[in-house]
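S.K.: Got a sequence here, can you build the structure:
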Amino acid sequence: MFKHFRTVLAVAAITVGSYAAAAEMAGDHPDTYVVKRGDTLWDISARFLKKPWLWPEIWQANPQIKNPHLIYPGDVLSLAYLDRVAVQAGPRQEAPLNAIPLSDVEPFLKNLSITDSFQHLPYVAGLEENMLRATAGQNVYVLGLDQAQPGQRYAIVRPGLRYTQTRVKSSGEYLTYKEDLDYRGARIKGAPADWNRQWSSSALSDGGPVELLGYELEQVNVGTITRGLVPGSETVTLTLQDSGKEVRAGDRVVPVEAKPYDLQFFPHPPATAIAEGKLQILAVANALTSGGPRDVVAISGGSREGIDNGTVLSVWRRGDHVANKVRWPNSSRMDDSPRNGAGRVSLPDEYAAHVMVFRTFDKVSYGLVMEGVKATRVGYELKHPDATY
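M.R.: Numbering: from 1, shown residues only. Reported below is the predicted structural model:
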């Protein structure tokens, strides 16, 4: 009797699982699809699934496919069953597809990093012929590399942004700030963040403590030591090799080493619950405040919050708090306030886009905007990809 009951229960579980998976299938999906060069797993999954970030849970391969995540140009995909995508292997003559186009994120994988401190690093003290900028083939003089030997390679990095976060005492709301740094890597006083803190300082817990999330370092060049310390000089000579970006005095210097970043990404929901309001858009790469699909954004959370590479999050515009003019037509309250309160009506958050994380640090991560219905802006909140409000 018990054995029969277990069998019935197992069949029921499979049926429920199949139904749940089928419910995630897009209604207008094609019966088959031949994978092409230039495809991404996210885009292909969007043809089959309502939620492309769920494909690792539903996407299953035929027994002859050793790794269901590795799909190649020439493979034929078909919906053989309600709860799986079957794969007919192609010629396997090219590299497997990635979840996202690497060309969109490769510069950020190679050239951007987050650190808690950079002030201790050696730095460029002067340039050849006392120039203001230097590029490939020219010499720069580095202070703090006394032990460097000719032939050693170094990267020149520039601290450009300082990311911080604080919290409002009364509401518990998180406030994030992106601050530009000067040529020494110091904060530029009087920046907008200062004004934002000023008007809200009375509400900040404990007088407004600010948590440092990290400094963003951009690699601007690489070079080789061509001369160590010599009598009468305090610097070593570094000859630049890259013509990409010019080097200036104050740029920091770090050893060139292999960067342990991922080249394959598998989308998935967050592994842990997300604190409400904690994750926000810190910055949009190569833009002032907003971006769209295929733009890279910085996020105010990283491995400390349970985020890893491949984590998918949804982006939301915070709901406004508008003056209730119907009930209080003569009110002088602000018509659009960042705070709720008497005489205002709080509106719901609005969905903007989905983002997939591709580079994770302790307190900051970088993500790629995958698709959206409106612009992704600095300050927007990030939630679980299945969030509905």
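S.K.: neighbours around Ile299, how many?
M.R.: Around Ile299 there are 27 other residues, counting by other CB atoms under 10 Å. C-beta: built from backbone N, CA, C; applies to glycine.
S.K.: I meant Val76, not that one.
M.R.: Applying the criterion other CB under 10 Å, we find 13 residues in the vicinity of Val76.
S.K.: Would you mind measuring from it to Trp42?
M.R.: 19 Å (CB to CB, to the nearest Å).
S.K.: and Asp43, helix, strand or coil?
M.R.: When the structure is reduced to helix, strand and coil (DSSP: H, G, I helix; E, B strand; the rest coil), Asp43 reads as helix.
S.K.: Now do it, the pLDDT please.
M.R.: With respect to pLDDT, Asp43 scores 86.
S.K.: now swap in Gly90 and tell me
M.R.: On pLDDT, Gly90 comes in at 84.
S.K.: Before we go further, it is sitting in a strand, right?
M.R.: No: the assignment for Gly90, made by three-state DSSP, is coil rather than a strand.
S.K.: Quick check, it in contact with Asp75.
M.R.: Yes: the pair Gly90 / Asp75 is scored as a contact, 4.4 Å apart, by CB atoms under 8 Å.
S.K.: could you pull out the strands for the stretch 151-300 of the chain?
M.R.: Shown for the stretch 151-300 of the chain, the strands assigned by DSSP state E, counting those that start in this stretch span residues 153-167, 174-180, 211-227, 235-240, 252-255, 281-284, 290-291, 296-299.
S.K.: Please identify which of the ones you listed is closest to Val105.
M.R.: For those, proximity to Val105 was assessed by CB to CB; strand 296-299 is nearest, at 6.5 Å.
S.K.: For the next helix or strand after the closest one, report the contacting residues that lie outside it.
M.R.: Past strand 296-299, heading to the C-terminal end, the next element that is a helix or strand (DSSP states H and E) is strand 312-317. Under the criterion CB atoms under 8 Å, 6 or more residues apart in numbering, residues 53, 267-270, 274, 279, 281, 299, 349-357, 367, 369-370, 372, 374, 376-377, 380-387 lie in contact with strand 312-317.
S.K.: how does it look with 6 Å?
M.R.: Outside of strand 312-317, the residues that reach it under the criterion CB atoms under 6 Å, 6 or more residues apart in numbering are 53, 267, 349-356, 376, 380-383, 385, 387.
S.K.: Only whichever of these are buried, select them in PyMOL.
M.R.: The PyMOL command for the buried members of these (criterion: 16 or more other CB atoms under 10 Å) is given here:
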select buried, resi 53+267+349+351+352+353+354+355+356+376+380+381+382+383+385
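S.K.: Looking at the contacts of strand 312-317, which are in helices?
M.R.: Restricting the contacts of strand 312-317 to those inside helices, with DSSP state H as the criterion, leaves an empty set.
S.K.: mind listing which of the contacts of strand 312-317 are in strands?
M.R.: Under the assignment DSSP state E, the contacts of strand 312-317 contribute Glu350, Tyr351, Ala352, Ala353, His354, Val355, Met356, Thr376, Glu381, Leu382, Lys383 to strands.
S.K.: Nearest to Arg339 among these?
M.R.: For Arg339, the closest of the ones in strands among the contacts of strand 312-317 turns out to be Glu381, at 15.4 Å, with distances computed as CB to CB.
S.K.: quick one: the residue nearest to Arg184 when sequence neighbours are not counted and Thr235, what's the gap?
M.R.: In space, not counting the residues next to it along the chain, Arg184 is nearest to Gly250; the distance is 5.1 Å by CB to CB, 6 or more residues apart in numbering. With distances defined as CB to CB, the gap from Gly250 to Thr235 amounts to 14 Å.
S.K.: picking that back up, just the strands of the stretch 151-300 of the chain: most buried one?
M.R.: Counting by mean count of other CB atoms under 10 Å, strand 296-299 has the highest mean neighbour count of those, with a mean of 26.
S.K.: partners of that strand in the sheet?
M.R.: strand 281-284 (antiparallel), strand 365-372 (antiparallel) (DSSP bridges).
S.K.: Send me it as PDB with only the CA atoms.
M.R.: Backbone C-alpha positions of strand 296-299 (Å, rounded to 0.1, in the frame of the first residue of the first chain) are rendered in PDB as follows:
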ATOM      1  CA  VAL A 296      26.600  48.100 -18.500                       C
ATOM      2  CA  VAL A 297      25.500  49.200 -15.000                       C
ATOM      3  CA  ALA A 298      27.200  49.200 -11.600                       C
ATOM      4  CA  ILE A 299      25.100  47.800  -8.800                       C
END
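S.K.: How about residues contacting it?
M.R.: Residues outside strand 296-299 that contact it (CB under 6 Å, 6+ apart) are Phe108, Leu279, Ile281, Leu282, Ala283, Val284, Ala285, Ser365, Tyr366, Gly367, Leu368.
S.K.: Now pLDDT and distance to Gly343 too, for the residues you listed, in CSV please.
M.R.: Below are the contacts of strand 296-299 laid out as CSV (pLDDT from 0 to 100; distance: CB to CB, whole Å):
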residue, pLDDT, distance to Gly343
Phe108, 88, 45
Leu279, 97, 30
Ile281, 96, 30
Leu282, 95, 32
Ala283, 94, 34
Val284, 94, 34
Ala285, 91, 40
Ser365, 97, 39
Tyr366, 96, 41
Gly367, 95, 38
Leu368, 94, 41
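S.K.: biggest separation within these, which pair?
M.R.: Phe108 and Leu279 (18.4 Å).
S.K.: Have a look at the two and say which one is more surrounded.
M.R.: A direct count of neighbours by other CB under 10 Å for Phe108 and Leu279 places Leu279 higher, at 25 against 19.
S.K.: so is Pro107 in a helix, a strand, or just coil?
M.R.: helix.
S.K.: Many thanks, we can stop here.
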